[in-house]
Each structure stands twice: as structure tokens, then as C-alpha cells.
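Take this sequence and fold it.
(chains A and B)
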Amino acid sequence: MSDCKQRGDRRKFLETCLKLGITASAAPFLAPIEKLRASKLSRVDEEALTHQYGMGINVKACIGCGRCVVACKEENEVPKEPFFFRTWVEKYTLLVNGETIVSSPNGGSEGFQSDISEGEILRSFFVPKLCNHCKNPPCVQVCPVGATFTTPDGVVLVDKDYCIGCRYCIQACPYGARYLNPITKTADKCTFCYHRLSKGLLPACVEVCPTQARIFGDTKLRSSRLTRFFRFNEIQVLKPDLNTEPQVFYARLDGTVR
Amino acid sequence: MEKLIEHLYAVMKSVSGFIYPNEVELHWGFLVVIYPYLTGLVAGAFILASLVKVFKVKALQPTYRLSLLTALAFLIVAPLPLLAHLGHPERSIEIFFTPHFKSAMAMFGFVYAWYLMAVLLLEIYFEYRATLVVQGNSSRGLKKLAYRLMTLWSTDLSEKALNLDRKAVYFVTLLGIPSAFLLHGYVGFIFGSIKANPWWSSVLMPVVFLFSAIVSGIALVLIIYMIKSMYRWRPIDMKCLDRLADFLLYALIVDFSLEFLDFIHRLYQSEESIGILAHMIEDRLFVSLIIVQLLLGTLIPLVSLIIMKLKPLPDELRKLIFFLSAVLIQAGIFSTRWNVVVGGQLFSKSYRGLTIYKMELSGIEGLFMGLFLLVLPLVILWILTRFLPAWSDEPALNTPKG
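Below is the predicted model of the structure:
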């Protein structure tokens, strides 16, 4: 028994010596990098690490006006054609006969019209969609060059100057939240308007929502609007079985929504 | 861009049910279908070559060199469709320089380089060194220089050196078998690991890819061997052809069983996506999956090869049936790749609707470009056989004995 312990101690000692040796020999090379990191990057990173951004969506509050879709397209220079969306709105119509009809004409940007007679409709509702900024993002996992990444404050971004345009991330996203930007020929998606966040502003879609159906905030902050949203609503996420850990949270979400 | 938008408006008219707005553009088209088809042929042809060297199937000796050169010719072209398909091909080198190790696709460069450098080129070098030395000896000027360059100036033809070549070929082939499995299993993994897509997401995908690769590789070498023998006015070695057909049959049985298992498993589990997948098969993939892949590409060749095995017909008729079976199998395997790649994008991830794939004729992703990439390996193979003789009955080019 004591033999074993002694052997274990010796191994630990040798391991420590080895680690010290490697660190000491690598130090001269690492020092300048560390210095740079400490001086510039880490201050930003450390601050960012204190946040975890997310969005709450109150399904019941959404009236399907589509202003969020228009604002997003304008703010982020998303091509106007109806095939490229960072955010869009879906209308779900549940019929009396048990059928569900889903539509999103032009991403819901021009509102919705219905030709179904009222007598046939059981109920209907609108569901805004966007990138879920998953904590366990399949798009980040599959990117062959690391052009799509998660920021320390929990936002999934694409580096358009690095993306090779292989579209693997588009295939890997379960929510259809990505598209290939026809101008830059790179993958594109919602950034939570990261350029606005860094100036202390809200994402454009949140800013323009007339009914406050979109709530943006920091899940790490106890006093944030999002935390309040969590406190007063039962929360669901989209496709929870895929274990992507979305950071877009829905209140009053119907089970038919995918 | 205008052309793309026009194309997408046309596609939108054929969408049925509801799809997410970003899903109107189908992202992996004809070129991405060609990529796994070509790599499958590479892996299959190599496995066939390994039957001769590692498993000592002597009857297949006439096709050994042909299999190796076929594998090389197709491997050279394999990355081209991927490269052409990228939004920024000029950045593709980043896959080598800054690979993201958690990405299955990031491994492509390494798997490819390993297979090309450490397996195929090395095996071809040792297999052909002696032949190239003899060729070089009887040539002059630039031609001689080219032959010497290919031998890397290793001109020793002693029994010891030839023995070393033979041993090296054996060991490289031994290493090549798991590498070929890796190459195509990996391609299957690229699709099989996408949990967002129920049509792709299957643990069987790499194995199915692998066996379909072996089937397609053997069928291709059989077709080339028969055509080339006719073209050279040489009789076809029936022993060799029968063995090729045997192995084709065995691989086809395993491939069919695996795909059938996958099908039954999906049907029995009957998960949420089963409705839309069934609808897709009936509505969008009926011709390419049920008719071409299953009936023409699998069942008819399977039954024909079994009949040939149980009750061999006269040589001429047997040759015809083997040839037709191999051609049907090629069409079937191409359809398999098509059904996986394109099929996986025809249904919405909302499980509520279907889209279509409209292939264009011209352009970088068009039909002509695809056909060019399918013919290119055959042209490269023809050029390769100019320098590296594929036939053991070409007397002047034969490997010297001792």
C-alpha cells in the first residue's frame, strides 16, 4: 500500500518536473503572445465573459406586422429578395379539422393575409424566428476553418472575410437560420445586431417591435429584462431534443411549432 | 446574382407545403453529388487492387494495375467538384493551414493528402519502379529524364531491390485498406453526423457509403477492363471476369443488406420525420430512388449476378450480362449519391414541405461542368496508361523478372 503511494508520489513529482521543464523552455516564445493577450484582448474578453446574451419571444404578443423583418433587412443589408432572412415571422393556423397550416410570405415582412374562412379556424398565432445562438451550436462545430464562432458573450458570428463558402454550416443548422449571402458568397445569419450591442443599443428587431414581443437581455444578469421574462413565463426552446441549447427562448409556444 | 434570384423565383413556384424561407436555395447540388461518387470509385478500385496483393486472389491479377491507376485518376479529380462549388475557392487552402479540428470536413485535406501521398503514389511507385527503370534505359533525352524522375533515380534492378519493391507494395496495400475505408467512411460521416437532417443522420451512413463504394469501384474496373480489352483486340480473361463478378456480387449483397437495414430501421422507429420523408420518396425521389437505385441499380444486377453464379451461361452471353450489370450498378450508385445529397435537401427541416432541385445546364454548378468532371478522370486514366502500362501482357513494358 505504502509502496503504491510512494510510486504515485514519485510519478506526480516527475510529472510536475516535466511540466515545469516544458513551461520554462516555452516561456520565451510564449511571453510576447501572453503580453499581447493580457494588454489587449483579455480585457475585452473578460468583460464579455460576464454576459450571456439571449432573446425572449412572447408568442402571444406578436401581431405578425413584420416590422422586425424589415428593420433587420435594412440594418444588416440583407438582400431584399424573399430567399434571404436573418429573421422572419411564421403564421400558424390551426384548423377545426386538426390540420395545421404554416405560412411566411416574404418572411412575413409585408404582414399576413388569409383566405381561410373564420369558421374553419380554431386559432392562429405568429412565431418570430431567428438564429438561436445555441450554446452548443452545430454550425460552429462543422465549420472546417473556424470562420463561424461563438463570442465570449454567447453570440454566434460568421467572419465573412474568412468563410470559404462551403455551406456545411447551413446544412448543420436545424432551424434554417442561415443562408448564403449572394453578394459576399459567404454564410450569413442573425448576429443579435452585435454592432449595435457593442454600442449599448438593442438589436434592430427588438427596437422596432411595437408590442414588445421580442425581449433582449443578458441571462447572467439578475436584473435584466430577460431574467424578468423567465420569471413570469413558462419557457420553451425550439427542437430541444437536438441538444443545441438555444438562447432564444419562447413563452407560450405551441407544440406544433418546429 | 440576377440569375440566381431568377432561378430561386422559379424554384419557389414548385415548393409544396411550408419550408423555411432560407431553404428555397438548395445548397449542395450536382457537384457535391459527384464528389462522393468519385471518392467511392477511388476507394472501391483500391480495395479491388488489395484483393490481389494482400488477399492473394491471383485470378484478378490482370486488373491489378488498372485498379491502381483508376484509383489515382479518380482521386486526382475528386477534390475538383468541391473546389468549384465553394463560394471562395481561393480561401480553400485555409482548410490545411487553420483547420477546425472539431469539424468533420476540416479533415478532408488530411485524409486526401494521406491517401494520395502515403498510399496511392507510394504503391504505384514501388509497383512501377522496375518497369520505369527499363523504360528509361531504352529512352533518350527528355523522355529518359522523365522516366528517371519518376523512379527518383533509383535504378537498381537486382533481385534484392525487386524483392524490396514487392515487400513495399504489400505493406503499402496493407496500410491502404484501412486508409481506403477511412477515405470513404469519412465522406459518409460528413453526412451521417448532421443531426439536423434526419435523412442523413444515421450511424450506418459511413458503412453504407463504404460498401457502395466497393460495389461501384469493382463495377467500374470491370467496365474499363472489358472495353479496353475489346479495344486492344485481346481476349478477356474469363477467370478474371468471373472473379470480378463474384466480388461484385458479394459487395452488392452486403451493400443491399445494409441499405435495407437502414430502411427498415427508419420505418420501424417511425420518428417525427417519417411522414415527410415518405412523402419525399413518393413525390420527389420516385424515379431516382425506387426505379434507378433500387430496381435498375440493385435488384436487376443482383438477380442477374446470382443467376450467373448458380447457372453459368456461355462465355459471350455471360460477358454481356456482366457488362450490363456493371453499367446498371454504376447508374444505381450514382443515383444513391444523388438521393443522399440532393434528397437530404428536398424536404424542409420544419418537416412541413418539399422543395425541388432545378439543375442548370451551363455555369459552374451546371450539368456540363458535372459531365466534364465525370469524364476528366477517364482522360487522366488514358494519359496515365501512356506512361504507366496497365497490362501485364505488354511485353516491352513488362516488369523484368530478377
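
can you pull the contacts of the nearest residue to residue A:86 once chain neighbours are set aside?
Closest residue in space to residue A:86, ignoring its immediate chain neighbours: residue A:190 at 4.2 Å, by C-beta to C-beta, 6 or more residues apart in numbering or on different chains. (Glycine included, C-beta is placed from N, CA and C.) Counting by C-beta atoms under 8 Å, 6 or more residues apart in numbering or on different chains, residue A:190 touches A:72, A:86-87, A:130-131, A:133, A:177.

at 10 Å what do you get?
Residues near residue A:190 by C-beta atoms under 10 Å, 6 or more residues apart in numbering or on different chains: A:55, A:72, A:76, A:78, A:85-87, A:129-133, A:155-157, A:177-178, A:203, A:205, A:248.

just residue B:313 next, same as before
The neighbours of residue B:313, taking C-beta under 10 Å, 6+ apart as the test, are B:307, B:319-321.

so which of those comes closest to chain A?
Of all those, residue B:321 has the smallest distance to chain A: 40.1 Å, by C-beta to the nearest C-beta.

Wasn't that closest one part of a strand?
No - under the criterion used here (DSSP: H, G, I helix; E, B strand; the rest coil), residue B:321 is helix, not part of a strand.

Now the phi/psi pair for whichever residue of the stretch 1-150 of chain B sits closest to chain A, please.
Relative to chain A, the nearest point of the stretch 1-150 of chain B is residue B:87 (1.8 Å; C-beta to the nearest C-beta). Dihedral pair for residue B:87: phi -70, psi -30, per degrees, to the nearest 10.

helix, strand or coil for residue A:127?
strand.

how about low-confidence regions in chain B?
B:392-402 (pLDDT under 70).

For residue A:188, see how far away the closest residue to chain B within the stretch 51-200 of chain A is.
Here the residue of the stretch 51-200 of chain A nearest chain B is residue A:165; by C-beta to the nearest C-beta that distance is 1.8 Å. With the distance defined as C-beta to C-beta, to the nearest Å, residue A:165 ends up 11 Å from residue A:188.

Same check on residue B:309?
Residue B:309 is 55 Å from residue A:188, where distance means C-beta to C-beta.

Could you do residue B:101 as well?
24 Å.

now the contacts of residue B:313 in a markdown table, with neighbour count and distance to chain A?
Formatted as a markdown table, these follow (neighbours: other C-beta atoms under 10 Å in any protein chain shown; distance: C-beta to the nearest C-beta, whole Å):
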| residue | neighbour count | distance to chain A |
| --- | --- | --- |
| B:307 | 12 | 42 |
| B:319 | 18 | 43 |
| B:320 | 12 | 42 |
| B:321 | 17 | 40 |
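
Give me the neighbour count for the nearest residue to residue B:254 once chain neighbours are set aside.
The shortest distance from residue B:254 to any non-neighbouring residue, by C-beta to C-beta, 6+ apart, is to residue B:211 (5.0 Å). Around residue B:211 there are 24 other residues, counting by other C-beta atoms under 10 Å in any protein chain shown.

now swap in the one 5 residues further on and tell me
Burial of residue B:216 is recorded as 31 neighbouring residues (other C-beta under 10 Å).

just to revisit the earlier point, adding distance to residue A:119, write the contacts of residue B:313 out as TSV.
Rendered in TSV, the data for these read as follows (distance: C-beta to C-beta, whole Å):
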residue	distance to residue A:119
B:307	63
B:319	70
B:320	67
B:321	64
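
Out of the residues you listed, which is nearest to residue A:170?
residue B:321 (44.2 Å; C-beta to C-beta).

The strand or helix carrying residue B:220: what's the following helix or strand?
Per DSSP states H and E, residue B:220 falls inside helix B:205-231. Counting by DSSP H and E, the next helix or strand C-terminal to helix B:205-231 is helix B:238-269.

Buried by neighbour count: which residues of that following helix qualify?
Using 16 or more other C-beta atoms under 10 Å in any protein chain shown as the test for burial, helix B:238-269 gives B:240-252, B:254-256, B:258-259, B:262, B:266.

the more surrounded of residue B:101 and residue A:188?
Per other C-beta under 10 Å, whichever of residue B:101 and residue A:188 has more neighbours is residue A:188, with 26 against 8.

Now for residue B:152: which residues touch it?
The contact partners of residue B:152, taken as C-beta under 10 Å, 6+ apart, are B:125, B:129, B:132.

How about residue A:250?
Counting by C-beta under 10 Å, 6+ apart, residue A:250 touches A:55-59, A:127-129, A:233-238, A:257.

And it, how close does it get to residue B:385?
Taken as C-beta to C-beta, the span from residue A:250 to residue B:385 is 63 Å.

isn't the residue of the stretch 1-150 of chain B closest to chain A right next to residue A:164, touching?
Yes - counting by C-beta atoms under 10 Å, residue B:87 sits close enough to residue A:164 to count as a contact (6.8 Å).

Common neighbours of the two, please.
Jointly contacting residue B:87 and residue A:164 under the rule C-beta under 10 Å, 6+ apart are A:185-187.

Name the residues of the lengthiest helix in chain B that come out as buried.
In chain B, assigned by DSSP state H, the helix with the most residues is helix B:159-192. By neighbour count with 16+ other C-beta under 10 Å, helix B:159-192 contains the buried residues B:162, B:165, B:168-169, B:172-173, B:176-177, B:179-192.

Equivalent analysis for stretch A:92-110, please.
For stretch A:92-110, using 16+ other C-beta under 10 Å, the buried residues are A:92-94, A:101-102, A:104, A:106-109.

Got the phi and psi for residue A:87?
Per-residue torsions, residue A:87: phi -140, psi 150 (degrees, to the nearest 10).

Excluding chain neighbours, give the residue nearest to it in space.
Per C-beta to C-beta, 6+ apart, closest to residue A:87 is residue A:130, 4.0 Å.

Pick out whichever of residue B:87 and residue A:164 has more residues nearby.
Remark: of residue B:87 and residue A:164, residue A:164 carries more neighbours, 25 against 17, as counted by other C-beta under 10 Å.

Now stretch B:120-131: buried residues?
If you call a residue buried by 16+ other C-beta under 10 Å, then stretch B:120-131 has these buried ones: B:120, B:122-131.

Looking at the residues you listed, which is nearest residue B:220?
Of the buried residues of stretch B:120-131, the one sitting nearest to residue B:220 (C-beta to C-beta) turns out to be residue B:120, at 15.7 Å.

which ones are touching that closest one?
Contacts of residue B:120 (C-beta under 10 Å, 6+ apart): B:42, B:45-46, B:49, B:68-69, B:71-72, B:75-76, B:172, B:176, B:179-180.

And for residue A:253?
Counting by C-beta under 10 Å, 6+ apart, residue A:253 touches A:57-60, A:125, A:127, A:233-238.
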